[in-house]
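*Asks:* coordinates for the following, if possible.
(one chain, ligands or ions: 2)
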Amino acid sequence: MLVRVAGAGVCATDLHAIDGEMEPAGVSPPVVLGHENAGFVEATGELVSTVSPGDGVILYPPYSCGVCVRCRRGHDMHCERHQFTGLTVDGGFADYVLVSERSVVKLPAGMDPTEVAPHADAGITAYHAVKKVAHLAGPGSTAVVIGVGGVGHIALQLLRELGSGAVVAVETDERRLRLAKELGADEAIGGGDVVDAVREHTNGHGADLVLDFVGSDGTHADGLAMLGHMATYSMVGFGGTLSVPSAAMIGGEQAAVANLVGSWIDLWEVMQLHASGRLTLKTETHPLDDVNDVLSMLREGEITGRAVLVPGDRSEP
Ligand SMILES: [Zn+2]
Ligand SMILES: [Zn+2]
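*Replies:* Ligands and ions are numbered 1, 2, ... in the order given. Purely as a prediction, here's the structure:
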């Protein structure tokens, strides 16, 4: 189906793609970037049966075939015929984007696609990561979110929705630290020795769960060092190298897990949660023509929450 783009979120992965770091994942520019897309169905092929022209939709970015074993298990993002809208095939930094019917989640009535576009990747990535470890975020637990950016600010709220322990935000940027407090973080740690600060907050025990949305050598080291016994270090941001003595992990029975986007059902569930008013998505809109300026702003850390590109005057059906 052809979808008229109403908004396309700008993600740090776009910078990785531009910098040529995504080639091992099959991303070889030139390609039209933009994988956090929402808009209105413009036209459909004759076999499409679940949406009609004019419907508001958000687009699940991985292509999934539906017939391989991983697809049938519900792990769409590990499809054997994997493609990714806006990375391996042309995406939504454009007026229109072409996707298969399996990519579409119909928006609940009255939902503005421009406002929710970042859920297509930022939202499901946060949801997938938090859902996987939510059993560790029970009463009396402490979960640490490292990096309160586009994905981290959603994860922080999801730890509240899917868990019931304390949530600690670690963030060096003053504006994002304020955002963490506004969104209900119990504790917000800025600079200094963050490992000490987390140990202090947990009476020396360390965190039960650490979600790292940065993924640098520094945050990998800090995230592992602040774990308590039987705790899990969960990676979403990437780029650094993990280095940890196995004796430390075995002594504490600690785990490290990694997360890749999320499934179609993760996106559907995030949209239901958003529709119920229990998620705040912090966005700012920019004209699509300013795409290069917005990418530079993201690179310089000047975006709080998520920037969404809007083509021309296309936010209405
Ligand atoms: Zn992304
Ligand atoms: Zn498949």
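*Asks:* which residues touch the residue lying closest to Gly165 once chain neighbours are set aside?
*Replies:* Leaving aside its sequence neighbours, Gly165 sits nearest to Ser141 (C-beta to C-beta, 6 or more residues apart in numbering; 3.3 Å). All C-beta spots, glycine's among them, are computed from the backbone N, C-alpha and C. Ser141 makes contact with 163, 165-166, 208-209, according to C-beta atoms under 8 Å, 6 or more residues apart in numbering.
*Asks:* could I get those in a markdown table, plus columns for distance to Val148?
*Replies:* Below are these laid out as a markdown table (distance: C-beta to C-beta, whole Å):
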| residue | distance to Val148 |
| --- | --- |
| Gly163 | 17 |
| Gly165 | 18 |
| Ala166 | 16 |
| Asp208 | 19 |
| Leu209 | 16 |
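*Asks:* pull the number of nearby residues for the residue in the stretch 51-200 of the chain positioned nearest to ligand 1.
*Replies:* Nearest to ligand 1 in the stretch 51-200 of the chain, going by C-beta to the ion, is Asp121, at a distance of 3.8 Å. Per other C-beta atoms under 10 Å, the neighbour tally for Asp121 reads 28.
*Asks:* what residues does the closest residue to it other than its chain neighbours make contact with?
*Replies:* Excluding its sequence neighbours, the residue lying closest to Asp121 (C-beta to C-beta, 6+ apart) is Glu36, at 4.6 Å. Contacts for Glu36 (C-beta under 8 Å, 6+ apart) come out as 8-11, 61, 86, 92, 117-122, 306, 308.
*Asks:* where do the strands sit along the stretch 201-317 of the chain?
*Replies:* 207-212, 227-235, 255-258, 283-287, 306-310 (DSSP state E, counting those that start in this stretch).
*Asks:* nearest to ligand 2, out of those strands?
*Replies:* Of all the strands of the stretch 201-317 of the chain, strand 255-258 comes closest under C-beta to the ion, at 20.3 Å.
*Asks:* residues of this protein that sit close to ligand 1?
*Replies:* Applying C-beta under 5 Å from the ion, one finds that the chain approaches ligand 1 through 11, 13, 121.
*Asks:* for the last one, phi and psi?
*Replies:* Read it as Asp121. Asp121 adopts backbone torsions of phi -130, psi -60, taken as degrees, to the nearest 10.
*Asks:* these two touch, right, it and His35?
*Replies:* Yes. If you go by C-beta atoms under 8 Å, Asp121 and His35 touch, sitting 5.4 Å apart.
*Asks:* mutual contacts of the two, please.
*Replies:* With C-beta under 8 Å, 6+ apart as the test, Asp121 and His35 both reach 11, 13, 61.
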